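K.L.:
quick one, structure for this:
(2 chains)
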Number of protein chains: 2
Amino acid sequence: MMSNVVYTVYRGTFIHLTRLPESPSRSKPQLVRNSGTIWVSTEDGRIKGLDWSAGDEESFGALMARNGWVDINNTQKSGAGDVKVQVVTADEARNEFFFPGFIDTHIHAPQYPNAGLFGSTTLLDWLEAYTFPVESGFGATNTTPTNDPKDTPPSALRIYDQVIARTLSHGTTCASYFATVHVPATNALAALSHKRGQRAFIGRVCMDNPSFCPEYYRDATAEESLTSTQSVIEYIHTLDPKGHLIKPIITPRFVPTCTKPALESLGTLAASYSPPLHIQTHISENLNEVALVEELFPGDTYAGVYDKYNLLTKRTILAHAVHLSSSERALIRARDAKISHCPASNSALGSGIAPVRTFLDEGLTVGLGTDVSGGYSPSILEAARQACLASRLLGHTVSFSEEKSENCEVGREKLSVEESLYLATRGGAAVIDMADELGGFEEGMIFDAQLIQLGSVAPIGGLLEGTGDVLVDGPVGNVDLFGTETWEEKIQKWFWSGDDRNVKAVWVAGRLVHHRA
Amino acid sequence: MMSNVVYTVYRGTFIHLTRLPESPSRSKPQLVRNSGTIWVSTEDGRIKGLDWSAGDEESFGALMARNGWVDINNTQKSGAGDVKVQVVTADEARNEFFFPGFIDTHIHAPQYPNAGLFGSTTLLDWLEAYTFPVESGFGATNTTPTNDPKDTPPSALRIYDQVIARTLSHGTTCASYFATVHVPATNALAALSHKRGQRAFIGRVCMDNPSFCPEYYRDATAEESLTSTQSVIEYIHTLDPKGHLIKPIITPRFVPTCTKPALESLGTLAASYSPPLHIQTHISENLNEVALVEELFPGDTYAGVYDKYNLLTKRTILAHAVHLSSSERALIRARDAKISHCPASNSALGSGIAPVRTFLDEGLTVGLGTDVSGGYSPSILEAARQACLASRLLGHTVSFSEEKSENCEVGREKLSVEESLYLATRGGAAVIDMADELGGFEEGMIFDAQLIQLGSVAPIGGLLEGTGDVLVDGPVGNVDLFGTETWEEKIQKWFWSGDDRNVKAVWVAGRLVHHRA
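P.N.:
Predicted coordinates for the structure are as follows:
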């Protein structure tokens, strides 16, 4: 696309979270707001430079001239040189700003048609009633399936395409997907993500334990868990050889669904690559599940089982972690494994409230996951809201009152808006081991970003006449501004009232992958 | 409007909740879906008849002919008579259906500009930091104010108009508003609700206790609490003499902000009308607040204080009720006072989780409140979602494990989607003492309703090209249908993913008060 354009030049307001020092640390992230210009290479999608002084027309013009940049859409106002650039402007009057793309560190793509369908189930009966049936429908229709994505049922392609489109529309620039056990459909998910331009980790789900997987939906043997996973890795490495956008991720579903030989071979497989492959799984989501693992591995802890099979690495994403013991947290920290906090799901399935403050205080790395469809929403902004809300109820829980350390200040367990947005961006980047490349606006980082539009101050009586998303003047979506807000308060209003209507455009590695008219 | 039109005839799918038998009862509400026709008198907005057999064109035509109805927009297809009717059709292909309007039993209209602004505060510091400052800005600019709404600051009018427009756009057909201490602005809120056609209870806030109210924002004396309240009642009784749409409601803010003489005179004032006036206040929202009340009224309970001053009546709305004792619940039940459950607020301010199942089991009447701006959202659908989510975490709380009765089934505390929607409609109607008139589609009831549009089955790749709310085909807002859903599942998807984009039109007493193009 536009190979003759050297840079995309982004102008306007940029807001991101400060980086935190290496953990453990009690310091808290701050929102930082800069106005100016960032330029991104169209070749590799990385930020090549920033100029916080180039905000107004005059200094921006000087920047253009100094660099010899020609705006391909406005040659009159451009510099005199011959370096072609494209300019993208965030409109201050409409309260537009650039924000890092959201990172969804845990999402089950095939479960998307079930989003919002969970009744009053909890984890284990929910899997039986809702999850396994929908996932089993992603098998090849071909009786002698190849590994070709074309062997995927049309209904599965449709679901995968929709979930990618939906998450992009909510500002998710990167997702770590659980697919199903099926190789063709998993490859199709990789191909669709690649085509739409969403950064993604694609995991073929491994589940071979006949005691805990239904007859109609499982790997026949541990060997099949391994070889099918290898097929997917091979496909993805052909699709995107350098892993610029799409990477494979080893995905044992969770301890009870995997035999020991399967767990062992998957750990070995991950380690056989250089650098080792990413790994994702579930841990300590629900008390009955924890009890089940204790029964299956007497004397071991849940985290200990993963560690035993070399599945607890610095590139491992552990989803949920609601009921970890302190010794398990210490082990996870020692291995530098990462945690995907999925508050919407944990509330919806009544799993409990993960003690995120404890994680952060102890130096664990945490990001957010939607966990569709345990979570009802594909929006990381919704996950961030639920992270805040759940943390405010944590002080009322039995587990908190049992574990509360003596030096704990009242209310310290609460996550602020800034902290939740940190988890949604930089936290997620750290969870996928890309803390130096994603999550903020810094020179050298990859430009995965969203343009947020809050709209202008609400006019009197503007709403009843509203006929769609984007009024020429007035609010966008549900964010009402009255003109009295500080910029920090505008962010808080976006956080609590915003939705996909406020996501005007999304870029991954500098490529425009979603926009609203 | 259209005084020559005798009926509005609504055709299509109607969904509501079944009525429950008189409490206490362990029976649960069910969603009921009917296809057919309802006709509503344009004179009084009441449902004059229903015909569940008049679904298809033929039987509908027969119904029109039998009644001699002429469709003013389509005289060709109408009956031969001369009774003019207007036909409103819910489009099955776009998954449209009529649903009862939502009832918000607790909302602070002047706090709307603060929606989403609460930081990590809890009730008492939140009042000081956020609430009193914004409410104090609703005072008359005139130095010798009259009771005229025109004495309201323009900024206050703008906020009130916006909050009414916003709540209507989310399907709220009736709201019980807390205003401020100011008579002109409170009267303006009444006038604006009346003009926009939203059913409303309007409460001038009474707070005269100098120990707990700031110098800059309070009633000077208990006498002022009384006389200013009387002024508002008088204004509203002039505005809407029969109270068809707007009613006054006696509003002592909560125990700590009111002196004993004020509480006493307000209780007497409410009882002096026939029928007695409605009353609204707060109760047991936060543990520090409960402790404060115990300190102020040693030996009394929170509910007991209201009862002592004749403020605990069958027309009293008690907001929050998170930390009531069983004896207080028994007293509230004995007085038949009502509870407004405000889960979004209770989570946001970390107040705790109200034990709604216990309320229902004990026969208390419960509805939902947004509690803007303790609650961050003006949407009752969001409140209903949070009611479900919070109830799923209740089992993890200290209060639950302390109070859990022995015969309690595991998970019984969880509220279902059906129950939350019941609270949002029929529950709310019962809370405002209008259970026989609002909340369902029954002959004789008032037609306060919304037309929900979910959209049609999601096409492949429809989203990235989506340029606004209403695509000709495909999803509306965030509700994705894949064609495999039962109608009950469609409701669940609307519940968990829906927003104001799915509210296509809203009627109050048969008057169209909001629509999306």
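K.L.:
residues near A:Glu409, how many?
P.N.:
A total of 6 residues lie near A:Glu409 under the criterion other Cβ atoms under 10 Å in any protein chain shown. Quick note: C-beta positions are derived from backbone N, CA and C, even for glycine.
K.L.:
now tell me which helix or strand of chain A has the poorest mean pLDDT.
P.N.:
Least confident helix or strand, chain A: helix A:398-403 with a mean of 87, by mean pLDDT, DSSP states H and E.
K.L.:
check which helices and strands it sits against.
P.N.:
Here helix A:398-403 touches helix B:398-403, going by 3 or more Cβ pairs under 8 Å, 6 or more residues apart in numbering or on different chains; DSSP states H and E.
K.L.:
which positions in the helix it packs on come out as buried?
P.N.:
B:398-400 (16 or more other Cβ atoms under 10 Å in any protein chain shown).
K.L.:
gap between the top helix by length along chain A and the chain center?
P.N.:
Ranked by residue count and defined by DSSP state H, the top helix of chain A is helix A:222-239. Centroid separation for helix A:222-239 versus its chain: 23 Å, with Cα atoms, centre = their mean, to the nearest Å.
K.L.:
how about stretch A:292-299?
P.N.:
31 Å.
K.L.:
next: stretch A:371-384.
P.N.:
In this view, stretch A:371-384 has its centroid 10 Å away from the chain centroid, taken as Cα atoms, centre = their mean.
K.L.:
next: stretch A:117-130.
P.N.:
Computed by Cα atoms, centre = their mean, the chain-centroid distance of stretch A:117-130 equals 23 Å.
K.L.:
same check on stretch A:274-284?
P.N.:
15 Å.
K.L.:
what does stretch A:30-37 give?
P.N.:
Centroid separation between stretch A:30-37 and its chain, computed with Cα atoms, centre = their mean, is 22 Å.
K.L.:
that older thread, counting by contacts, list what the longest helix of chain A packs against.
P.N.:
Helices and strands touching helix A:222-239, by 3+ Cβ pairs under 8 Å, 6+ apart, are helix A:183-196, strand A:205-206, strand A:246-252, helix A:260-271.
K.L.:
and that helix, average pLDDT?
P.N.:
Across helix A:222-239, pLDDT averages out at 98.
K.L.:
contacting residues around it?
P.N.:
A:147, A:149, A:181, A:183, A:186-187, A:190-191, A:194, A:202, A:204, A:206-208, A:219, A:243, A:246-248, A:250-252, A:258-259, A:261-262, A:265-266, A:269, A:277 (Cβ atoms under 8 Å, 6 or more residues apart in numbering or on different chains).
K.L.:
change it to 7 Å
P.N.:
Here helix A:222-239 makes contact (Cβ atoms under 7 Å, 6 or more residues apart in numbering or on different chains) with A:147, A:183, A:186-187, A:190-191, A:194, A:202, A:204, A:206, A:208, A:219, A:246-248, A:250, A:259, A:261-262, A:265-266, A:269.
K.L.:
same question for stretch A:327-339.
P.N.:
With contact meaning Cβ under 7 Å, 6+ apart, stretch A:327-339 is reached by A:301-304, A:307, A:312-314, A:316-318, A:321, A:359, A:362-367, A:430-431.
K.L.:
repeat the analysis, applying 6 Å as the threshold.
P.N.:
With Cβ atoms under 6 Å, 6 or more residues apart in numbering or on different chains as the test, stretch A:327-339 has contacts from A:301, A:303, A:312, A:314, A:316-318, A:321, A:359, A:362-366, A:431.
K.L.:
ok now that stretch, how far from the chain's centre?
P.N.:
Averaging C-alpha positions (Cα atoms, centre = their mean) puts stretch A:327-339 20 Å from its chain's average.
K.L.:
using CSV, list the CA coordinates for that stretch.
P.N.:
These are the backbone C-alpha positions of stretch A:327-339, laid out as CSV (Å, rounded to 0.1, in the frame of the first residue of the first chain):
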residue,chain,number,x,y,z
SER,A,327,3.7,-20.0,46.9
GLU,A,328,2.2,-20.3,43.4
ARG,A,329,2.6,-16.6,42.9
ALA,A,330,6.2,-16.8,44.0
LEU,A,331,6.8,-19.6,41.5
ILE,A,332,5.2,-17.6,38.7
ARG,A,333,7.3,-14.6,39.5
ALA,A,334,10.4,-16.7,39.6
ARG,A,335,9.7,-18.0,36.1
ASP,A,336,8.6,-14.6,35.0
ALA,A,337,5.4,-16.1,33.6
LYS,A,338,2.6,-13.6,32.8
ILE,A,339,-1.0,-13.2,34.0
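K.L.:
what parts of the stretch 151-300 of chain A come near chain B?
P.N.:
Residues of the stretch 151-300 of chain A found near chain B (Cβ under 6 Å from any Cβ of the partner chain) are A:158, A:161-162, A:165, A:169.
K.L.:
okay, and which of those map to helices?
P.N.:
By the criterion of DSSP H, membership of these in helices covers A:158, A:161-162, A:165, A:169.
K.L.:
tell me which of the residues you listed is nearest to chain B?
P.N.:
For these, the closest approach to chain B (Cβ to the nearest Cβ) belongs to A:Ala165, at 3.7 Å.
K.L.:
phi, psi of the closest residue to A:Thr18 other than its chain neighbours?
P.N.:
Leaving aside its sequence neighbours, A:Thr18 sits nearest to A:Gln30 (Cβ to Cβ, 6 or more residues apart in numbering or on different chains; 4.7 Å). For A:Gln30, the backbone dihedrals (degrees, to the nearest 10) come out as phi -120, psi 150.
K.L.:
and what of A:Thr105?
P.N.:
Main-chain dihedrals, A:Thr105, degrees, to the nearest 10: phi -90, psi 0.
K.L.:
what about it, neighbour count?
P.N.:
Using other Cβ under 10 Å, A:Thr105 has 33 neighbouring residues.
K.L.:
kindly report the same for the one 5 residues further on.
P.N.:
For A:Pro110, the number of neighbouring residues by other Cβ under 10 Å comes to 27.
K.L.:
helix, strand or coil for it?
P.N.:
Of the three states, A:Pro110 takes helix according to DSSP: H, G, I helix; E, B strand; the rest coil.
K.L.:
gap between it and chain B?
P.N.:
For A:Pro110, the distance to chain B equals 12 Å [Cβ to the nearest Cβ, to the nearest Å].
K.L.:
for the nearest residue to A:Val417 once chain neighbours are set aside, pull up the helix or strand it's in.
P.N.:
Nearest residue to A:Val417 in three dimensions, chain neighbours excluded: A:Phe495, at 4.9 Å (Cβ to Cβ, 6+ apart). Here A:Phe495 sits within helix A:487-497, counting by DSSP states H and E.
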